[in-house]
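> Build me a model:
(2 chains)
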There are 2 protein chains.
Amino acid sequence: MRRVLASNDALAAQQLEELDRNHVLGVNIMSGPGAGKTSLVERTVEALRDRYRIHVIEGDIQGDLDARRVAAHGVEVTQINTQGACHLDGLMMASVFPGIDLAAVDLLLIENVGNLVCPAEFRLPAHHNVTVISTPEGSDKPAKYPLMFSKSDVVLVNKIDLLPYVDFDIDELVSSVHRLSPGLPVLRLSARTGDGVEQWVGWLEARLAERREST
Amino acid sequence: MRRVLASNDALAAQQLEELDRNHVLGVNIMSGPGAGKTSLVERTVEALRDRYRIHVIEGDIQGDLDARRVAAHGVEVTQINTQGACHLDGLMMASVFPGIDLAAVDLLLIENVGNLVCPAEFRLPAHHNVTVISTPEGSDKPAKYPLMFSKSDVVLVNKIDLLPYVDFDIDELVSSVHRLSPGLPVLRLSARTGDGVEQWVGWLEARLAERREST
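Residues are numbered from 1 along each chain as shown, chains lettered A, B, ... in the order given. Next up is the predicted model:
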């Protein structure tokens, strides 16, 4: 298993260099099933597609439901079906990379398989990891699934429109995240209503700007 | 991987025989993170503890948050920490089985790791698999995570108290489950409010009665 992870890391590092050569920002979005990753990608594409060239990679065990939803917003989408596997990895990315014209991309959004465990173990060609947690899942999740939160550069608390109807303690969530990773940004939003999405888009634009300056 | 699964299946089959020798009904409860498995176990224990001797096995990557919640209801609980693994398996069960007095148990409830993918691949000492899906996760989940649903003997739709606030099409969910497994029972409930829990408890009591008759 350690050997599999090491060879995956090496492959992902090469792919990241390819992104760097093409001045592409890679972002890996992870969460449990149904936390709202696809809705978030849709909102992000709507907000940024006029200013940045976006390519989305959709990771799903099977089917192309999410890829169709995202493609309807007028951006290029590549579907990866993992055929039962619980995460994306470097080998799967290698199979689709040649089909993507990276020179014509500013932002590569990767929507991982819905799973709060396995995706955190497999590095992808991404400069930043994003974990989405939705309020109905409960504020105990960072304590129970620590690896994913500790490997993230930002945590998005989605479905804040449901806060009045669920038992979710935002202060517990934030302290629990900060126990794993002190100071990690935790942004609150509802991909459904759009509330708070501008903060996340602002975070992403700041990363895109850093990238432009560094290349 | 196939070899790992085959040896796990053999081990789980032996453990299931051990349950049978002791007239224990084993039930494996699976879902994504935060779908409400622990609340469901708590409600189930409350409803049945006066009539059946219940032992609960709690599977978590780390920590004992859920085991404490369940133990507060006055039943025996065994905690398994998977140390990062995304599912329970026969080897982990083998490590705790000797510590459980199966002769003093009628119902063994196993709460798997919160994950809609991996747990479905590893057979456990259980006569029935239960999949819990909560309404905020969306009705597209059976189409996207088919293995878990097709390996289940009953599907529980939890958090129906949130139906007015989320986009969840119960008819789509039911037809999507039935495309994978025609006629599979789909029960609706809210472990939080208690609404509909009696149907689930009734289903479980019918299985306990079948078990008594067969042994």
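> Helices of chain A, residue ranges please.
Taking DSSP state H to define them, one finds helices in chain A at A:2-21, A:37-48, A:65-71, A:90-96, A:141-144, A:146-150, A:170-180, A:197-214.
> will you turn those into JSON lines that also has mean neighbour count and mean pLDDT?
Glycine gets a C-beta too; all of them are placed from N, C-alpha and C. What follows is the helices of chain A, written out as JSON lines (neighbours: other CB atoms under 10 Å in any protein chain shown; pLDDT from 0 to 100):
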{"stretch": "helix A:2-21", "mean neighbour count": "14", "mean pLDDT": "91"}
{"stretch": "helix A:37-48", "mean neighbour count": "22", "mean pLDDT": "98"}
{"stretch": "helix A:65-71", "mean neighbour count": "18", "mean pLDDT": "97"}
{"stretch": "helix A:90-96", "mean neighbour count": "17", "mean pLDDT": "95"}
{"stretch": "helix A:141-144", "mean neighbour count": "23", "mean pLDDT": "96"}
{"stretch": "helix A:146-150", "mean neighbour count": "21", "mean pLDDT": "96"}
{"stretch": "helix A:170-180", "mean neighbour count": "16", "mean pLDDT": "97"}
{"stretch": "helix A:197-214", "mean neighbour count": "15", "mean pLDDT": "94"}
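> between the ones you listed, which gets nearest to B:Lys37?
Closest to B:Lys37 of the helices of chain A is helix A:141-144 (CB to CB; 11.5 Å).
> just to revisit the earlier point, closest one to A:Asp106 among the helices of chain A?
Across those (criterion: CB to CB), the nearest stretch is helix A:197-214, sitting at 6.7 Å.
> contacts for that closest one?
Contacts made with helix A:197-214 from outside it, assessed by CB atoms under 8 Å, 6 or more residues apart in numbering or on different chains, are listed as A:23, A:25, A:27, A:40, A:43-44, A:47-48, A:52, A:106-107, A:127-128, A:154, A:156, A:185, A:187-191.
> Spatially nearest residue to the spatially most central residue of chain A (excluding sequence neighbours)?
Closest residue to the average C-alpha location of chain A: A:Ile29 at 0.9 Å, with CA atoms, centre = their mean. What sits nearest to A:Ile29 in space, not counting adjacent residues and going by CB to CB, 6 or more residues apart in numbering or on different chains, is A:Val130, at 4.8 Å.
> Ok, A:Leu156 next?
On the basis of CB to CB, 6+ apart, the spatially nearest residue to A:Leu156 that is not a chain neighbour turns out to be A:Val132, at 4.7 Å.
> ok, A:Gly34 to B:Tyr145 distance?
According to CB to CB, to the nearest Å, A:Gly34 and B:Tyr145 sit 10 Å apart.
> Which one's more surrounded, those two?
Neighbours were counted for A:Gly34 and for B:Tyr145 using other CB atoms under 10 Å in any protein chain shown; A:Gly34 has more, 30 against 27.
> Next up, the contacts around the nearest residue to the more buried one once chain neighbours are set aside.
Closest residue to A:Gly34 apart from its sequence neighbours, by CB to CB, 6+ apart: B:Glu137 at 2.7 Å. The contact partners of B:Glu137, by CB under 8 Å, 6+ apart, come to A:33-35, B:32, B:35.
> again, 10 Å this time
Contacts were defined as CB atoms under 10 Å, 6 or more residues apart in numbering or on different chains; by that measure B:Glu137 touches A:32-36, A:114, A:134, A:136-137, B:31-35, B:116, B:145, B:157-159, B:166, B:168, B:173.
> Could you do A:Ser181 as well?
Residues touching A:Ser181, when contacts are defined by CB under 10 Å, 6+ apart, comprise A:142, A:146, A:149-153, A:155.
> give me phi/psi at it?
phi -150, psi 90 (degrees, to the nearest 10).
> what is A:Val132 paired to in the beta sheet?
Per DSSP bridges, residues listed as beta-bridge partners of A:Val132: A:Ser31, A:Leu156.
> tell me the pLDDT at the nearest residue to A:Thr82 once chain neighbours are set aside?
Taking CB to CB, 6+ apart, and ignoring the residues beside it in sequence, A:Thr82 has A:Ile61 as its nearest neighbour in space, at 5.4 Å. The predicted local distance difference test score for A:Ile61 is 96.
> could you measure A:Ile61 against A:Gly34, distance?
14 Å.
> Could you tell me which residues touch both of those two?
A:114, B:116, B:144-145.
> Find the pair from the residues you listed with maximum spatial separation.
The largest distance within those, taken as CB to CB, falls between B:Leu116 and B:Lys144 and amounts to 8.4 Å.
> who touches both of the two?
A shared contact of B:Leu116 and B:Lys144, defined by CB under 10 Å, 6+ apart, is any residue touching both; here these are A:33-34, A:61, A:113-114.
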